[in-house]
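>>> Have a look; sequence and predicted model below, questions after that.
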Amino acid sequence: MTHDVRSPEAVERATARPAASGPARRGRSASVRMRLEILFFVGPALLLFLFFVVWPIVKAVQFSFYRWKGFGPLVDFVGLKNYALVLQNEVFTDAVVHNLVIVVMSIVLQLPLGLAIALLLNRKMWGQGLLRTIIFVPYVLAEVIAGVVWFQLLQPQYGVVDTMLASIGLEGPAQGWLGTPEYALGTVIVVLTWKYLGLAVILFLAGLQGVPDELHEAAQIDGASWWQVQRRITIPLLGPTIRTWMFLSMIGSLQLFDMVWILTKGGPANATTTMATFLITEGTKRHNYGTAAAASVILFVIALVLALTYQRFVLRRDVAEPTARKKATR
Amino acid sequence: MSTMTHSPAPVAGHEERTTPPTRRTRRYPGGSPLVYAIALVVVALTLGPVLYGVLGGFRTNAQLADDPAGLPDPWVLTNYTGVLSNPSFWQYTLNSTVIALITTTVVVVFGMMAAYPLARYRFRGREQLFLVFVMGLLFPATVAIIPLFILVSQDLDLGNTWWGVALPQAAFALPMTVVILRPFLMALPTEIEEAALLDGATRIGFFWRILVPLSGPGMVTVGVLAFVGSWNAYLLPLLLLQGDMKTLPLGVADFSSEHSADTAGVFAFTTLAMIPALVFFLAMQKRIVNGLQGAVKG
């Protein structure tokens, strides 16, 4: 998809710059030799990629048209029936809704919090380096490890979260935060925010390094307050970083599996299923490979549509304003 | 993500990070107590759960039940020694390490090789070939997971092996690697190449003797990202590995569900499982940030 945002000039420049030794003035044998070299260099990566990425995805599309239990030949062609089954399955449509809620809430929570913390930390202060490292810790942990720790913290009654709530006179739900259908998804989102906020902060901080000081100084001389400088200058210049972070966040939310699997396995009463947990349960637990494949194709289409739409309407602006971008990122 | 091919050298990011932040911030001195107070809250919320797990490993289950929010009193080591004398823990650590090393090696070698012609050769179809890899960024591993499981376990008979997990992981890490490395290789000055070719080097010789040594930082960045991804991976190992072949994330998840009543033991196991990763990743923090930043800033 990267090429889509490239203006023709950019491609032109990119192709023109490298390779001092074009095949132009060499003979035909040189060109054959170059082809062999290209094959030698790109071949292994391409083979691995085609074999383990492209081929399984093609197979997923194929499986989705068959009823198949995981053994024997693919014979039971059912057309679009698997798709109909999946789309009529309330567990799956709920899972799609959960994924979308997670997409939206991740951004709604992490964007303001991440920006606030990044702006706060982007100044000379004691322990700045240490602070950045600490904020990065949850991101570096495996989702499984973070999930297992939080699972213990969130145990009903005797978990530390409920104990601390009790000490200020509040009471957690009797079945626990993860065990009560109304709270489970929200709790998962809180844990995800804890896990991924550090990434947003670190990326925003890196982006802030590229905002030129002169702008701040000029604005200050003109009498702008700290807040005005942030709102009118810093945050707009951080735009490209924010937009691309949002994109990464969305794609990640759509694929969410590990954290949910550890915290709730999609329960209670399917309150936290995601598309990924649905297709894993269908495939490996129930051996309905056809429906699982149909679900994965739907997941792919949703991700693709979202990515292309976002790219078309949001990311494209970054290419349209190359000067602003350069300033913001260099 | 989609703007990343523009960057001439994403890894050049670390240069700008070395500029002292003092210059910009002098005018807004950050010494106010409020800032420190907020920073402290952020640190407490961030580290709290992790520290609670670490300290919980030094307590008994009785202590945890009596006063969940207390400190160890007395400190007990049996949870930690119990995990450390558990052969499964070491087996899982070994599996995680080997799988991550295979993944990283394959990704760096193949990715570097593929990025070279894509960056520095001129041939028809180059952009299309690059696009094949870029499209890979759009294919989440989850989509392919069921056929991948069948391919590896039934067709290749690599079901419960290190390679069976490492090769698909490497394949899925390749797009990001190529996308990060290509602009990096493009940014190396053409004069070096011209000089080398004038001196009679072949393009392959130029690659091995000049380009690879010059690309150290780029390779470290993609290598660290691949290692992190593999070390933390859960879904593919979950489907493919059983018994003695499990990786640490699987081991942690199993231990947690099998010993759910032994909270202190779970904390000790989890803590020990996160230590090697934490140490390695925090040491490599700059590289990870540079890599992610390179992917984001474009």
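Ah, there it is.
>>> The stretch 101-250 of chain B: helices as residue ranges?
All helices of the stretch 101-250 of chain B, identified by DSSP state H, counting those that start in this stretch, fall at B:126-136, B:141-150, B:162-187, B:190-198, B:203-206, B:212-214, B:216-232, B:235-240, B:248-258.
>>> Nearest the middle, which residue of chain A would you pick?
residue A:252 (2.4 Å; C-alpha atoms, centre = their mean).
>>> how about the helices of the stretch 101-250 of chain B in a markdown table, adding mean neighbour count?
Placement of C-beta: from N, CA and C, glycine included. Listed next are those as a markdown table, based on neighbours: other C-beta atoms under 10 Å in any protein chain shown:
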| stretch | mean neighbour count |
| --- | --- |
| helix B:126-136 | 18 |
| helix B:141-150 | 25 |
| helix B:162-187 | 24 |
| helix B:190-198 | 14 |
| helix B:203-206 | 17 |
| helix B:212-214 | 12 |
| helix B:216-232 | 22 |
| helix B:235-240 | 21 |
| helix B:248-258 | 21 |
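>>> how far off helix B:141-150 does whichever strand or helix holds the residue nearest to the centre of chain A point, in degrees?
For residue A:252, the element it lies in under DSSP states H and E is helix A:239-254. On the basis of axes from the mean of the first three to the mean of the last three C-alpha atoms, to 10 degrees, helix A:239-254 is oriented at 40 degrees to helix B:141-150.
>>> wait, does helix A:239-254 make contact with chain B?
Yes - using C-beta under 8 Å from any C-beta of the partner chain, helix A:239-254 reaches chain B at A:240-241, A:244-245, A:247-248, A:251, A:254.
>>> Just give me the closest of those residues to residue B:280.
residue A:248 (22.7 Å; C-beta to C-beta).
>>> count of neighbours near the closest one?
17 (other C-beta atoms under 10 Å in any protein chain shown).
>>> wait, what's in contact with the residue nearest to the centre of chain A?
Contacts for residue A:252 (C-beta atoms under 8 Å, 6 or more residues apart in numbering or on different chains) come out as residue A:196.
>>> and what of residue A:284?
B:146, B:149, B:239 are the contacts of residue A:284 under C-beta under 8 Å, 6+ apart.
>>> any chance of these in JSON lines, with pLDDT too?
Formatted as JSON lines, the contacts of residue A:284 follow (pLDDT from 0 to 100):
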{"residue": "B:146", "pLDDT": "87"}
{"residue": "B:149", "pLDDT": "88"}
{"residue": "B:239", "pLDDT": "89"}
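>>> Quick check: of these, which lies closest to chain A?
Closest approach to chain A among these (C-beta to the nearest C-beta): residue B:146, at 4.5 Å.
>>> Skipping its backbone neighbours, what lies nearest the closest one in space?
Nearest non-adjacent residue to residue B:146, counting by C-beta to C-beta, 6 or more residues apart in numbering or on different chains: residue A:283, 4.5 Å away.
>>> hey, where'd the strands end up in chain A?
Taking DSSP state E, the strands of chain A run over residues A:66-67, A:76-77.
>>> for these, which one ends up most surrounded?
Stretch with highest mean neighbour count among the strands of chain A: strand A:66-67 (a mean of 18; mean count of other C-beta atoms under 10 Å in any protein chain shown).
>>> Can it be said to contact chain B?
No - on the criterion C-beta under 8 Å from any C-beta, strand A:66-67 is out of touch with chain B, staying 12.0 Å away.
>>> Can you name every helix or strand that that strand contacts?
Judged by 3 or more C-beta pairs under 8 Å, 6 or more residues apart in numbering or on different chains; DSSP states H and E, the packing partners of strand A:66-67 are strand A:76-77, helix A:81-88.
>>> quick one, which of those is nearest to chain B?
helix A:81-88 (12.2 Å).
>>> Show me how far that closest one is from its chain's centre.
Using C-alpha atoms, centre = their mean, to the nearest Å, the distance from the centre of helix A:81-88 to the centre of the chain it belongs to is 26 Å.
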